[in-house]
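Peer 1: Here is a sequence with its predicted model. Questions after.
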Amino acid sequence: MSTVVRRAPLLVLPAVLLALLTWQVVTHGPLLRLDARVSGALVHPGGRFSEILSCLGNVQVAVPVLLFAIVYVLGRGHDAGTERWWLPPLAAAVLMALVPAIVIPLKDWTARPGTPVMPPAVGYFPSGHTATAAVAYGSATLLLLPWLGSAAARRRLVACCTALVLGVSYGLVRHGYHWPLDVVASWCLSTVLLTTLSLVPGAGRSTSLSTSAIPSCGCRERGDTEYGRQPEEDLGRPAQPRH
């Protein structure tokens, strides 16, 4: 089964949910009443901690993190001679540029008012801060994962990325900057975009690297024995007959 087929649910289901949420906002559907009740139970404006968390979704904070990852991966890929080393960073940059190109027209079209604690205005759906944080931190994570030498390091990076996105989301809702559905809609959009990035060769998984690119862990490569190649220390010994 191809990678595209396996990840199709991560493309289709969030897109369908985003369309459903957008329909509810445009038509002022019953889901908005539940959204208002949840928001009323969570909102606590004036909290310094929630404000700091929400600021982690600012373009000035999130995008430089992605830019650092792009520059780092470009340098590592070029030095290691990775096949198409420039493609994942380029795809991540294009993906980041798509966020405002998608979010701003949606905001203008839905024209959703803000929560009661916000000044009178429209254009809160979907949450731009949530989408910026999810795509910037998520793309940086996908770019860096192939260059980490251990599964533990990869798990820590994914956990850090998840904590950042959830923290931004919580801060936005807690402070009253956004309705919960604004945030959920941006999760859906970001899932589609990041899944698309993960399909690019070299994003989120290892590609063909030179031997100097991957730190040695003191273990034999599985391919030494599984594909008929003898380990180096056995090359001087007579080959054993096959039975």
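Peer 2: Perfect, I can see it now.
Peer 1: At the geometric centre of this structure, which residue do we find?
Peer 2: Centroid-nearest residue in the chain, with CA atoms, centre = their mean: G138, separated by 2.3 Å.
Peer 1: Just confirm that one is within a strand.
Peer 2: No. Assessed with DSSP: H, G, I helix; E, B strand; the rest coil, G138 is helix; it does not lie in a strand.
Peer 1: With the flanking residues excluded, which residue is spatially nearest to it?
Peer 2: Spatial nearest neighbour of G138, excluding adjacent residues (CB to CB, 6 or more residues apart in numbering): L194 at 4.5 Å. For glycine as for every other residue, the C-beta is placed from the backbone atoms N, C-alpha and C.
Peer 1: Might you report the residue contacts of the residue nearest to the centre of the chain?
Peer 2: 161, 165, 190, 194, 197 (CB atoms under 8 Å, 6 or more residues apart in numbering).
Peer 1: Can you give me the distance of it to T162?
Peer 2: Computed as CB to CB, to the nearest Å, the G138 to T162 distance reads 9 Å.
Peer 1: coming back round to it: closest to H44 among the contacts of G138?
Peer 2: H44 has its nearest neighbour among the contacts of G138 in V165, at 20.5 Å by CB to CB.
Peer 1: hmm, who's touching the one helix or strand the closest one maps to?
Peer 2: Taking DSSP states H and E as the criterion, V165 maps to helix 151-175. Outside helix 151-175, the residues that touch it by CB under 8 Å, 6+ apart are 39, 42-47, 49-57, 127, 129-130, 133-134, 137-138, 140-141, 144-145, 148, 177-180, 182-183, 187, 190.
Peer 1: re earlier: max pairwise distance over the contacts of G138: which two?
Peer 2: Within the contacts of G138, V165 and L197 form the most distant pair, 14.8 Å apart (CB to CB).
Peer 1: quick one, which of those two is more surrounded?
Peer 2: Between V165 and L197, counted using other CB atoms under 10 Å, V165 has the larger neighbour count: 26 against 21.
Peer 1: Tell me which helix or strand the residue nearest to G138 sits in.
Peer 2: Short version, using DSSP H and E: L194 is in helix 180-198.
Peer 1: same for that helix, what does it pack against?
Peer 2: Applying 3 or more CB pairs under 8 Å, 6 or more residues apart in numbering; DSSP states H and E, one finds that helix 180-198 contacts helix 8-27, helix 31-42, helix 87-110, helix 128-144, helix 151-175.
Peer 1: Tell me the gap between it and the middle of its chain.
Peer 2: From the chain centre to the centre of helix 180-198 is a distance of 8 Å (CA atoms, centre = their mean, to the nearest Å).
Peer 1: Could you do stretch 157-170 as well?
Peer 2: The chain centroid and the centroid of stretch 157-170 are separated by 10 Å, computed with CA atoms, centre = their mean.
Peer 1: For it, the averaged confidence score.
Peer 2: Averaging pLDDT along stretch 157-170 gives 98.
Peer 1: How about stretch 36-43?
Peer 2: Throughout stretch 36-43, pLDDT has a mean value of 96.
Peer 1: ditto for stretch 125-139
Peer 2: 98.
Peer 1: With only the CA atoms kept, save that stretch in PDB.
Peer 2: Taking Å, rounded to 0.1, in the frame of the first residue of the first chain, the C-alpha atoms of stretch 125-139 are listed here in PDB:
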ATOM      1  CA  PHE A 125     -12.700  32.000  11.900                       C
ATOM      2  CA  PRO A 126     -10.400  30.200  11.500                       C
ATOM      3  CA  SER A 127      -7.600  31.100  14.000                       C
ATOM      4  CA  GLY A 128      -4.600  32.500  12.200                       C
ATOM      5  CA  HIS A 129      -2.400  32.100  15.300                       C
ATOM      6  CA  THR A 130      -3.300  28.400  15.700                       C
ATOM      7  CA  ALA A 131      -2.600  27.700  12.000                       C
ATOM      8  CA  THR A 132       0.700  29.700  12.100                       C
ATOM      9  CA  ALA A 133       1.900  27.800  15.100                       C
ATOM     10  CA  ALA A 134       0.800  24.300  13.900                       C
ATOM     11  CA  VAL A 135       2.300  24.700  10.400                       C
ATOM     12  CA  ALA A 136       5.500  26.500  11.500                       C
ATOM     13  CA  TYR A 137       6.300  24.200  14.400                       C
ATOM     14  CA  GLY A 138       5.000  21.100  12.600                       C
ATOM     15  CA  SER A 139       6.900  21.800   9.500                       C
END
